[in-house]
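Participant: From the sequence below, what's the structure:
(one chain, ligands or ions: 9)
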Amino acid sequence: MMDQLQTATVFWVVFMLSCGMIFNQNAVTAHKVRHYDFKIEYANVSRICHSKALVSVNGEFPGPTVYAEEGDRVIVKVTNHVQANVTIHWHGIRQLLTGWSDGPAYITQCPIQTGQSFTYDFRVVSHRGTLFWHAHISWLRATLYGAIIIHPRRGLPLPFPKPDGEFPVLLGEWWNGDVEQIEMDALRTGGIPIISNAFTINGQPGPFYNCSTADVYKLKFKAGKTYILRMVNAALNQDLFFGIANHSLTIVEVDGEYTKPLTVPTLVLSPGQTADVLVTATQDHGRYFMAAKPYVSAPVPFVPIPTTAIIEYETSTEAELSQPPVFPALPANNDTVYGENFFQSIRSLNSKQYPVHVPQTIDRDLLFTVSFNLKACPPGQLCSGPGNVTKFASSMNNISFIFPSISILQAYFFNINGVFSRDFPDMPPHPFNYTGPMINPQPEVGTKVNVIPFGSNVQLVLQDTSILNLDSHPIHLHGYSFFVVGQGVGNFNPSTDPANFNLIDPPFRNTVAFPRAGWVAIRWTADNPGVWFMHCHLETHTSWGMEMAFLVTNGKGKKQTLPHPPKDLPKC
Ligand SMILES: *[C@@H]1O[C@H](CO)[C@@H](O)[C@H](O)[C@H]1NC(C)=O
Ligand SMILES: *[C@@H]1O[C@H](CO)[C@@H](O)[C@H](O)[C@H]1NC(C)=O
Ligand SMILES: *[C@@H]1O[C@H](CO)[C@@H](O)[C@H](O)[C@H]1NC(C)=O
Ligand SMILES: *[C@@H]1O[C@H](CO)[C@@H](O)[C@H](O)[C@H]1NC(C)=O
Ligand SMILES: *[C@@H]1O[C@H](CO)[C@@H](O)[C@H](O)[C@H]1NC(C)=O
Ligand SMILES: *[C@@H]1O[C@H](CO)[C@@H](O)[C@H](O)[C@H]1NC(C)=O
Ligand SMILES: *[C@@H]1O[C@H](CO)[C@@H](O)[C@H](O)[C@H]1NC(C)=O
Ligand SMILES: *[C@@H]1O[C@H](CO)[C@@H](O)[C@H](O)[C@H]1NC(C)=O
Ligand SMILES: [Cu+2]
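Facilitator: Ligands and ions are numbered 1, 2, ... in the order given. The predicted structure follows:
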């Protein structure tokens, strides 16, 4: 099935400048323009004994890989041939002055409706490694996703030995049912959406699932070679552990930013996070599973079956190839000690060639609580939340986000009133003991943005709360990467905790999971004008309202001002 679906990706590369130029970090560099054609169409796919027509790009599942060199311009024409409304987000791409191409529905654009097309046009500014693209409307990213692979600009060496080969490893989640319907049903009843039926690696669940002996991704290793795995957690609702039997993993990049090499037995990836991992073929023959399984920080249901792919050494004998592969030792699903230590061990590379510039002072000091809540069930109705009188909800700073009916960016740019308000609070409106006893779970609802003057150095503390249930949430910011300068358990203490911040080589990420019953502090410089969504990357929580947007004002002159929208920007 996979092979049949691998119809050619239409793409061509235009060389803007001829060869023979010498490039270095400071020279004017030659950038390419890379064109891609994304046709949104149905593909008939069968997994774990269930067939369905899923929404795909060009009939491929997962979708095509987008390749770029740092600095390149990427132009993707997206044409919608399915019934559903679609938008595509370029996860981790800064969209410097191209906020119209960011993609979250009703935040920066109206959806691309059936029969319409929209051309995303952006530059890949200051990233190297792996990012990914995915649908950013309803739950369609369950099937609409693919890798973005970014090579350093020519003349800049890799900060690690050149690998002998590379493999994409996209972790995903499969539902037998229709994901749009699953979200709508949950929002109507107010209950918890049904969990997925399988996890996948490159769209394949692997042999531990029913009807899946042939539905497994396989890769070949040559003894002694080093490979780079382009890792993406594209799952909707699940943090994952990932490991390979008898091979260690050396992380060299996360979220499109180089890190100090970190060798671990198991990788932890939250939805929205990506990593480049070096794996040396230290065995000389045989078959080995790579496997991913849930990492859970709260007692919630999950699919207990690991998804697997198989590494086969080229030198294996027939007899060895008929043996079952070795399975990796992975932490227990609830091993939060491993998970939290893992995240705290990551450091930016911060080398001469790849320096980082952590804001040392702050202009905007923000503290947002991140909570589960309960909304009252509409009168005369029975809901599926606790007591049958409530609906599950979530919030940041007690505001449960409501999507508007036209995009916030359009409303801002064209001064359309009544779409959003600018009063998202800098601090919790009513401070309380965030990780203490439960309190009134009712949130406020609204479409509010927090306004940030251009150029501000922002510090934001994301604080878990016990309003309903403590949990760890992977929070994703659009338009920027941020430095993860500190984290801790309990309530953030503004007078003592900042003394322990790492302002030298903290990881530079676009998605960070704070510890359960704890907090994380992030910093960035708001030098990209526009409207930037920030949300939990667990789709269930986004559906419930665990999100908000920043409005970063224009600075001075053309290079600090958001341009006019493209002519083909969809209308609502
Ligand atoms: C998918 O399956 C349906 C029902 O079996 C069929 O009508 C349709 O033509 C198929 N589409 C493709 C693209 O193969
Ligand atoms: C596998 O199939 C068996 C028999 O039909 C069924 O009982 C079981 O629930 C299935 N398991 C999964 C994970 O779908
Ligand atoms: C490979 O890993 C398995 C499972 O963790 C272990 O039992 C075995 O001893 C390992 N073999 C080698 C050669 O390292
Ligand atoms: C993890 O789960 C096991 C049972 O599966 C339980 O015995 C153990 O107490 C749990 N550990 C934590 C830290 O919750
Ligand atoms: C009441 O709530 C339970 C779960 O909390 C749910 O299974 C049931 O369907 C609800 N009843 C109605 C009438 O919605
Ligand atoms: C917050 O609640 C926790 C748990 O009940 C308690 O241990 C802690 O002392 C409380 N903190 C404050 C500042 O009241
Ligand atoms: C959240 O807002 C609701 C509605 O205004 C209010 O009842 C509740 O006490 C607030 N909770 C917190 C933690 O601010
Ligand atoms: C698609 O988006 C348009 C514009 O927001 C909206 O009016 C329409 O109801 C949406 N259609 C579906 C099927 O969601
Ligand atoms: Cu969440």
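Participant: Count the residues that sit near residue 93.
Facilitator: By the criterion of other CB atoms under 10 Å, residue 93 has 29 neighbours. Bear in mind the C-beta positions are built from the backbone N, C-alpha and C, glycine included.
Participant: Are we agreed that it is in a strand?
Facilitator: No: in this structure, residue 93 is coil, not part of a strand, as judged by DSSP: H, G, I helix; E, B strand; the rest coil.
Participant: For the residue of the stretch 251-400 of the chain found nearest ligand 3, give me phi and psi.
Facilitator: With CB to the nearest ligand atom, the shortest gap between the stretch 251-400 of the chain and ligand 3 falls at residue 329, namely 4.4 Å. With angles defined as degrees, to the nearest 10, residue 329 sits at phi -80, psi 120.
Participant: For it, give its distance to residue 221.
Facilitator: 19 Å (CB to CB, to the nearest Å).
Participant: Residue 380 now?
Facilitator: Applying CB to CB to residue 380 and residue 221 gives a distance of 62 Å.
Participant: what's the answer for residue 106, then?
Facilitator: Distance from residue 106 to residue 221, by CB to CB: 45 Å.
Participant: One more: residue 308?
Facilitator: 16 Å.
Participant: before we move on, the earlier item: pretty sure the residue of the stretch 251-400 of the chain closest to ligand 3 sits against residue 247.
Facilitator: No: applying CB atoms under 8 Å, one finds residue 329 not in contact with residue 247, separated by 11.7 Å.
Participant: Give me the more crowded residue out of those two.
Facilitator: Neighbour totals were compared for residue 329 and residue 247, and residue 247 leads with 19 against 10 (other CB under 10 Å).
Participant: quick one: contacts for that one?
Facilitator: 279, 280, 281, 282, 283, 288, 311 (CB atoms under 8 Å, 6 or more residues apart in numbering).
Participant: okay, the second one: pLDDT?
Facilitator: Read that as residue 280. Looking at residue 280, its pLDDT stands at 98.
Participant: Compute the number of surrounding residues for the closest residue to it other than its chain neighbours.
Facilitator: Computed as CB to CB, 6 or more residues apart in numbering, the closest residue to residue 280 that is not its neighbour in sequence is residue 226, at 4.6 Å. Residue 226 has 17 neighbours, counted by other CB under 10 Å.
Participant: give the contact list for residue 226.
Facilitator: Counted by CB under 8 Å, 6+ apart, residue 226 has contacts 161, 163, 164, 278, 279, 280, 281.
Participant: And the helices in the chain?
Facilitator: 2-5, 179-189, 318-321, 336-345, 408-413, 539-544 (DSSP state H).
Participant: Any idea which of those gets closest to residue 553?
Facilitator: helix 408-413 (9.7 Å; CB to CB).
Participant: Please point out which parts of the closest one sit buried.
Facilitator: Using 16 or more other CB atoms under 10 Å as the test for burial, helix 408-413 gives 408, 409, 410, 411, 412, 413.
Participant: With stretch 58-77 instead?
Facilitator: 58-74, 76-77.
Participant: And for stretch 354-369?
Facilitator: So for stretch 354-369, counting by 16+ other CB under 10 Å, buried means 354, 356, 358, 359, 364, 366, 367, 368, 369.
Participant: Relative to ligand 5, which of these is nearest.
Facilitator: residue 369 (25.3 Å).
Participant: Tell me which residues touch that closest one, please.
Facilitator: Applying CB under 8 Å, 6+ apart, the residues near residue 369 are 395, 396, 397, 398, 428, 434, 463, 464, 465.
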